[in-house]
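> What follows is a predicted structure for the sequence shown.
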Amino acid sequence: MIRTGPDGRRYSDRTAEEDQRAVTDALVVLPAGPRTLFEGLLAEVDPARADQLSRELEEGLYHTPPVSMRQFIDDPYYLGESTTTLFPAIKDVLIHMFEAPYREVLLAGSIGYGKTFISSIAMCRILYELSCLRDVQATFGVGPGTEMVLMLVSKSLPLCREVLKTAVDDKIKLSPYFMGKFPPKFSTDFTMFPNNIRLSIGSYGAERALGKAILAATLDETNFPPKRHAQQIQQTLGKQLTAAHFDIVEKVYQSLVRRIKSRFERVSGDVPGMVLLASSAATLDSFTERKMRSAVNDPDVFVVEHSQWSARPEGHFSNEVFYVLCSRSSLRSKILSESELADIDDEWLEDHEAWLIEVPEDFRMDFEGNLEDSLRDIAGVSTQAISAFFQRVEAINECIVERPHPFTDYVWVAGGPGQFNWQQLCRSVQRRLPGGHFEEAWVPREAPSAPRWIHIDVSTNRDYTGFVMGRIDRWVEVVRRDGDGNRFTDTAPYYIIEVLLSIRPPTGEQIYMPDLRRLVYELQAHGYPIAGFSTDKYEHVEMHQQIKRRGIHAELISMDTSMDPYEELKSAIYEHRIEYYHHELLLNELRALEVDRIKGKVDHLKHKTKDLADSLAGAVWGLHQRAARLPWAADADTPGGKVGHEHQWVSPLIPAEEVDVEEVRRIQRAQSASDVLPLILFGDED
């Protein structure tokens with residue numbers, strides 16, 4: 001059965017009753033002679049006769065009795081050459097997996113502790129045991145020459161080929177046993193072994209397993225199917241369906257298990273073969289969580305659930321720890337202070353369906369930076385499907401700087417009185433024109449050459465519209481962690497948000513799109529290098545066309561189809577790589593954001609808005625995406641900071657003498673009167 005330890009981790013523990021039931025089930029499929037002998041042993045408990053029975057059974061199935069799992073892992077003749085870095089805790093897991101006739105193995109928990117490594121060794125072991133059988137096809141009751149298949153399944157065929165199959169093939173190539181006694185023939189999508197045994201790959205969207213005699217399978221990334229097959233919860237005929245109804249992994253799993261079970265119904269429980277399900281933690285309604293709940297009393301299911309620190313040897317991390325409160329109820333997870341820890345006892349934890357985990361101090365920065373992601377990726381704890389997007393609300397306030405709002409209103413009624421404070425934003429300069437003439441022009445007071453990005457989250461009626469403009473000020477070093485849990489330093493952009501404007505439609509009317517474009521044109525006319533512009537809906541094609549005619553790159557950035565913009569915003573806030581001035585509506589929206597990890601979407605609470613937050617995320621994402629594509633120049637004297645302490649990110653102004661004035665006037669005449677403003681062109685790579 002599956003038990004839960006005091007630290008919340010699940011593990012398998014076979015009870016005496018389960019062992020007895022497994023023996024009884026195995027007796028049903030034994031031939032009459034061995035079954036009679038075994039039943040006599042149960043009555044007499046005679047060790048000598050038990051050894052005799054074991055030899056008779058092995059001699060019946062195997063031409064060579066398989067070596068123990070420990071020898072298979074350690075001996076260089078088998079897999080010893082490829083397991084020298086195996087953690088002792090993981091070695092114990094593998095030995096335990098094959099001590100009892102488990103038919104399913106669930107590898108869950110954190111990222112980076114070796115789930116793929118475990119899966120590849122397990123598949124090698126099954127191949128080895130198959131190689132020891134006298135007659136593989138006869139053992140499983142299929143016709144002579146039938147192809148027996150071991151399946152490797154992942155999100156896509158390239159991923160399965162490069163990760164799972166490569167992991168198995170590499171170990172096979174280093175094994176003298178396999179290369180000498182059971183030689184394979186390697187191919188791109190499969191590996192053939194003697195006795196017509198095939199190791200094959202597949203994906204959750206393919207049907208390669210149909211019609212195959214499958215003995216074993218590994219399903220990787222079971223909590224993270226391809227986006228087009230992502231888990232969904234939908235409302236149908238007034239009844240809310242569960243994620244299982246829409247989970248492609250669930251469907252593939254059920255199909256494979258049916259095929260595998262059909263091979264084992266007629267044979268002893270001691271023949272090789274199993275299903276391995278591997279994935280790091282996700283939500284409380286993810287595939288692995290549903291599977292563990294349904295298999296809690298199933299003796300044939302073996303569960304492995306490690307954190308990044310529990311899998312590694314003692315002494316690998318600091319002995320100093322801090323405590324995190326976790327729960328599978330609606331209780332919010334949090335890092336506990338010493339005083340909070342003192343107020344919690346076992347009875348309180350039981351009442352709230354909660355537990356405490358001890359986290360090495362090595363990971364404090366990760367947990368303080370992003371608690372929810374650290375719980376899943378580092379501690380291996382599944383979290384609520386819907387939870388607060390910003391767990392560290394205080395980090396939102398830490399990014400506020402003293403900077404005046406550059407518009408007359410924080411919430412502007414579209415088309416009404418209201419304007420930018422140009423004296424605050426810009427300074428007046430004289431620009432030389434052809435023929436020795438001069439004209440008055442405007443340039444931004446801060447970072448005049450730094451490209452800006454504007455994102456507008458457009459509404460048309462009762463909803464508010466968000467308008468945000470920002471720039472990259474410099475690049476800074478940040479400390480992050482890779483998939484194996486190792487820290488590394490990286491460089492990331494530092495964002496400065498210069499305009500935060502919420503726009504309300506006039507009472508009973510819709511927002512007039514030229515009013516929104518006018519704001520962009522005014523900023524451009526006052527010297528702001530607008531390098532990019534984005535909106536959130538496909539319906540804004542006409543607006544994009546108008547903006548592009550002003551020499552500005554325009555594109556769609558939707559917060560409903562991807563969480564990437566919000567994830568970059570969260571990283572920037574948690575890593576203190578962004579600054580914005582105080583705007584109460586924005587702060588309220590950020591604090592109220594929720595993330596639905598089943599739908600893969602950041603949303604807002606009922607009766608709340610997120611238009612300004614969407615615009616902020618869109619502007620940040622636009623800057624992030626284009627950072628590596630726009631021109632770079634060494635210019636230490638230009639305001640706005642230095643990129644990587646050496647370079648600044650710039651977009652050159654086209655000199656006035658190079659502007660085709662007639663073309664400018666033609667474009668202006670083609671636009672509506674409300675759109676006509678002095679035009680300044682900027683370089684754009686597109």
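Cool, the structure landed.

> Grab the nearest non-local neighbour of Phe389.
Once flanking residues are discounted, Phe389 sits nearest to Leu593: 4.0 Å by Cβ to Cβ, 6 or more residues apart in numbering. (Each C-beta comes from the backbone N, C-alpha and C, glycine too.)

> where does the one you found land on pLDDT?
Looking at Leu593, its pLDDT reads 89.

> Could you pull up the residues touching it?
Leu593 is in contact with Ala388, Phe389, Phe390, Tyr566, Val602, Asp603, His604, Lys610, Ala613, counting by Cβ atoms under 8 Å, 6 or more residues apart in numbering.

> Hmm, Arg332 and the first one touching each other?
Yes: taking contacts as Cβ atoms under 8 Å, Ala388 lies within contact range of Arg332: 7.3 Å.

> what about these two, which has more around it?
Neighbour count, other Cβ atoms under 10 Å: between Ala388 and Arg332, Ala388 has more, with 17 against 12.

> Just give the number of residues close to the closest residue to that one other than its chain neighbours.
Excluding its sequence neighbours, the residue lying closest to Ala388 (Cβ to Cβ, 6+ apart) is Glu594, at 6.3 Å. Glu594 has 17 neighbouring residues, counting by other Cβ under 10 Å.

> so how far is Ile547 from Glu594?
Note on Glu594: its distance to Ile547, by Cβ to Cβ, to the nearest Å, is 32 Å.

> just Gln391 next, same as before
Distance, Gln391 to Ile547, by Cβ to Cβ: 36 Å.

> Across the sheet, point out what pairs with the residue nearest to Phe389.
His604 (DSSP bridges).

> quick one: the strands in the stretch 51-200 of the chain?
Secondary structure of the stretch 51-200 of the chain (DSSP state E, counting those that start in this stretch): strands at 104-109, 148-154, 185-186, 190-193, 197-203.

> wait, the stretch 201-350 of the chain
All strands of the stretch 201-350 of the chain, identified by DSSP E, counting those that start in this stretch, fall at 213-220, 235-236, 239-240, 275-278, 301-306, 321-327, 334-335.

> And the most centrally placed residue in the chain, how close does it get to Arg403?
Nearest to the geometric centre of the chain sits Phe224, at 7.6 Å (Cα atoms, centre = their mean). Separation of Phe224 from Arg403 (Cβ to Cβ): 40 Å.

> same deal with Glu372?
The gap separating Glu372 from Arg403 is 30 Å, by Cβ to Cβ.

> These two: which is more packed in?
Glu372 (21 against 16).

> Across the sheet, point out what pairs with Glu358.
Beta-bridge partners of Glu358, counted by DSSP bridges, are Tyr323.

> Tell me how many other residues crowd it.
A count of nearby residues for Glu358, using other Cβ under 10 Å, gives 14.

> ditto for Ala554
22.

> tell me which element it falls in.
If you go by DSSP states H and E, Ala554 is part of strand 553-556.

> related to what we said a few turns ago, hmm, Thr283 and the residue nearest to the centre of the chain touching each other?
No: when contacts are counted by Cβ under 8 Å, Phe224 is not listed as touching Thr283 (10.8 Å).

> Show the low-confidence segments of the stretch 401-550 of the chain, by residue range.
Low-confidence segments of the stretch 401-550 of the chain (pLDDT under 70): 460-462, 483-485, 539.

> all helices for the stretch 101-250 of the chain, in order.
Assigned by DSSP state H, counting those that start in this stretch, the helices in the stretch 101-250 of the chain fall at 115-132, 136-139, 157-159, 166-173, 176-181, 248-264.
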